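J.: Predicted structure and sequence below. I'll ask about it afterward.
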Amino acid sequence: MNVARRIAEFVAVGVCTLGFLFTAAGICAALLGSGAAGTRDFVIYWAAGQQLVHHSNPYDRDTILGLEQSAGFPSGDPALIVRNPPSALLFVVPLGFLGPRAGLLLWSLLLLACLVISVRIIWTMHGRPKNQLHLLGYSFGPALVCLLVGQVSLLVLLGLALFLRLHRSSPFLAGISLWLCLLKPHLFLPFGVALLVWAILTRSYFLLLGTTVALGVSSGIALLLDPAGWMHYGQMIRAPWIDRLAIPCLSVMLRRNISPNTIWLQYLPAVLGCIWALAYFQRHREHWDWIEHGAPLMLVSVLVSPYSWPMDQVILMPALLHAVYRTRSRTLVAIFALSSALVGVWSFRGDLPLYSAFYLWFPPAWLAWYIFAIRGSRTTNAYELTRSLVAH
């Protein structure tokens with residue numbers, strides 16, 4: 001048993017170390033070599049920021065394409081447009097005052113800080129255990145990919161971690177932190193439905209007020225920078241190329257394989273997930289705990305989201321680390337470390353595009369691993385979760 005434990009710990013530490021080294025090398029290569037073009041998602045945000053500070057349309061494909069090419073994008077590549085609504089574009093405004101290389105440095109440091117703070121918050125919420133399991137958060141494959149490509153999902157992760165940490169002690173601040181989650185609201189649909197019902201039933205009005213204030217401030221700033229922002233966003237989101245994206249997630253693949261032109265099919269899993277979330281909340285409402293019960297909610301929310309990219313799975317870190325801390329099986333911990341590394345390795349290779357069906361299987365795999373990991377732990381509810389998933 002001690003030998004198995006040592007092997008598992010060695011695997012976990014080795015994966016963490018290699019993951020950090022590859023990510024650091026990739027970021028340094030982008031800063032010193034190819035420049036901002038190597039971090040494609042960052043360039044999307046940088047171009048939108050350039051437009052906003054000049055009171056221009058951040059969804060203008062032609063202008064955005066020119067900005068992206070000036071940052072090093074290949075001339076043959078199509079424009080990549082930020083898909084966040086105007087109320088969520090506050091985070092790109094500082095990038096509008098910087099060049100692509102300086103902006104990339106600032107953005108990389110910001111995302112790294114988000115990762116470090118989030119992991120530390122999760123570690124603190126679980127009683128500051130005296131082990132090295134928190135290193136698995138720093139080396140979580142989707143998190144490393146976010147750092148490598150400059151993905152905003154790490155900000156979303158920070159918002160979720162802050163909510164989990166503050167919802168009891170400082171509900172107003174917890175509500176403000178949910179604004180970061182609303183950068184990608186489609187990832188939180190079942191979670192959000194349960195959260196809204198919980199907030200109403202527990203009269204957590206300060207939490208709702210905090211979210212409302214944050215949305216109001218960000219929307220007001222967006223209107224000042226681009227008064228026609230919502231009209232521009234509507235034009236972008238209705239563009240036909242949006243529906244043609246082969247995003248590797250359950251909902252998109254369901255629509256593309258059954259009836260490609262039937263858009264509502266893409267939202268059917270999310271609707272079913274919301275119904276399940278209400279039933280799950282009702283079952284556990286008397287002893288509801290967001291750290292314990294919010295974990296399966298997030299796993300299901302990402303699984304049934306209308307669309308999600310592999311990097312978006314970083315927001316599952318609180319749920320998965322919760323299971324890592326609870327499980328007594330070091331074998332399962334090693335499996336988690338290796339699975340996490342698999343995401344990073346395939347992404348670092350560069351020859352497997354992020355819209356590959358390879359990534360389709362990770363959300364259900366994380367959910368299955370979570371159920372097995374918490375089975376037999378002192379706080380397990382795996383049997384109830386499995387029965388609830390099957391029943392609803």
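T.: Nice, I can see it. Numbering: from 1, shown residues only.

J.: So for whichever strand or helix holds Leu112, mean pLDDT?
T.: Per DSSP states H and E, Leu112 falls inside helix 100-125. Averaging pLDDT along helix 100-125 gives 91.

J.: By neighbour count, which bits of that helix are buried? Give me those.
T.: Residues of helix 100-125 classed as buried: 100, 103-104, 107-108, 110-112, 114-115, 118-123, 125 (neighbour count, 16 or more other CB atoms under 10 Å). Where you see a C-beta, it was placed from the backbone N, CA and C, and this is true even at glycine.

J.: Stretch 203-214 now?
T.: 204, 207-208, 210-211, 214.

J.: Which two among the residues you listed are spaced furthest apart?
T.: Within those, Ser204 and Ala214 form the most distant pair, 15.2 Å apart (CB to CB).

J.: Make JSON lines out of the buried residues of stretch 203-214 and add pLDDT.
T.: Formatted as JSON lines, these follow (pLDDT from 0 to 100):
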{"residue": "Ser204", "pLDDT": "92"}
{"residue": "Leu207", "pLDDT": "95"}
{"residue": "Leu208", "pLDDT": "95"}
{"residue": "Gly210", "pLDDT": "95"}
{"residue": "Thr211", "pLDDT": "95"}
{"residue": "Ala214", "pLDDT": "94"}
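
J.: Nearest to Ile64, out of those residues: which one, please.
T.: Ala214 (26.4 Å).

J.: what helices or strands is the strand or helix carrying the closest one leaning on?
T.: Using DSSP H and E, the secondary-structure element containing Ala214 is helix 205-225. Here helix 205-225 touches helix 171-181, helix 189-201, going by 3 or more CB pairs under 8 Å, 6 or more residues apart in numbering; DSSP states H and E.

J.: Out of those, flag the one nearest Gly220.
T.: Closest to Gly220 of those is helix 171-181 (CB to CB; 13.0 Å).

J.: So what's the gap between that closest one and the chain middle?
T.: Distance of helix 171-181 from the chain centroid (CA atoms, centre = their mean, to the nearest Å) equals 16 Å.

J.: One more: stretch 317-328?
T.: 17 Å.

J.: What of stretch 169-185?
T.: How far stretch 169-185 lies from its chain's middle: 14 Å, per CA atoms, centre = their mean.

J.: SS state for Ala334?
T.: Here Ala334 is helix, with the state taken from DSSP: H, G, I helix; E, B strand; the rest coil.

J.: before we move on, back to that, which residues are in contact with the helix holding Ala214?
T.: With contacts defined as CB atoms under 8 Å, 6 or more residues apart in numbering, helix 205-225 is touched by 52-53, 55, 86-90, 93, 167, 171-179, 182, 199, 229.

J.: Against Leu154, how distant is Ser169?
T.: Using CB to CB, to the nearest Å, we find Ser169 at a distance of 24 Å from Leu154.

J.: who has more neighbours, the two?
T.: Neighbour tally, Ser169 and Leu154, criterion other CB atoms under 10 Å: the higher count belongs to Leu154, 26 against 8.

J.: Do me a favour and get the backbone dihedrals for the more buried one.
T.: Here is the backbone geometry of Leu154 (degrees, to the nearest 10): phi -70, psi -30.

J.: Kindly calculate the angle that the helix holding Ala214 makes with helix 171-181.
T.: Orientation check (axes from the mean of the first three to the mean of the last three CA atoms, to 10 degrees): helix 205-225 against helix 171-181 gives 50 degrees.

J.: and helix 205-225, how far from the chain's centre?
T.: Worked out by CA atoms, centre = their mean, helix 205-225 lies 21 Å from the chain centre.

J.: got it, and stretch 214-228?
T.: Its chain's average C-alpha position is 23 Å from that of stretch 214-228, according to CA atoms, centre = their mean.

J.: repeat for stretch 150-170
T.: Distance of stretch 150-170 from the chain centroid (CA atoms, centre = their mean) equals 10 Å.

J.: just stretch 202-209 next, same as before
T.: Its chain's C-alpha centre and that of stretch 202-209 lie 24 Å apart, by CA atoms, centre = their mean.

J.: And for stretch 302-317?
T.: Put simply, stretch 302-317 sits 6 Å off its chain's centre (CA atoms, centre = their mean).

J.: got it, and stretch 147-157?
T.: Chain-centre distance of stretch 147-157: 7 Å, with CA atoms, centre = their mean.

J.: could I get that stretch in PDB with only the CA atoms?
T.: Extracted C-alpha coordinates of stretch 147-157, given in PDB (Å, rounded to 0.1, in the frame of the first residue of the first chain):
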ATOM      1  CA  LEU A 147      -2.400  30.100 -19.900                       C
ATOM      2  CA  LEU A 148      -0.900  29.000 -23.200                       C
ATOM      3  CA  VAL A 149      -3.600  30.500 -25.400                       C
ATOM      4  CA  GLY A 150      -4.600  33.400 -23.200                       C
ATOM      5  CA  GLN A 151      -8.200  32.200 -22.500                       C
ATOM      6  CA  VAL A 152     -10.500  34.200 -20.300                       C
ATOM      7  CA  SER A 153     -11.900  31.000 -18.600                       C
ATOM      8  CA  LEU A 154      -9.400  31.500 -15.800                       C
ATOM      9  CA  LEU A 155     -11.200  34.700 -14.900                       C
ATOM     10  CA  VAL A 156     -14.400  32.700 -14.800                       C
ATOM     11  CA  LEU A 157     -12.700  30.100 -12.500                       C
END
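
J.: Okay then, goodbye and thanks.
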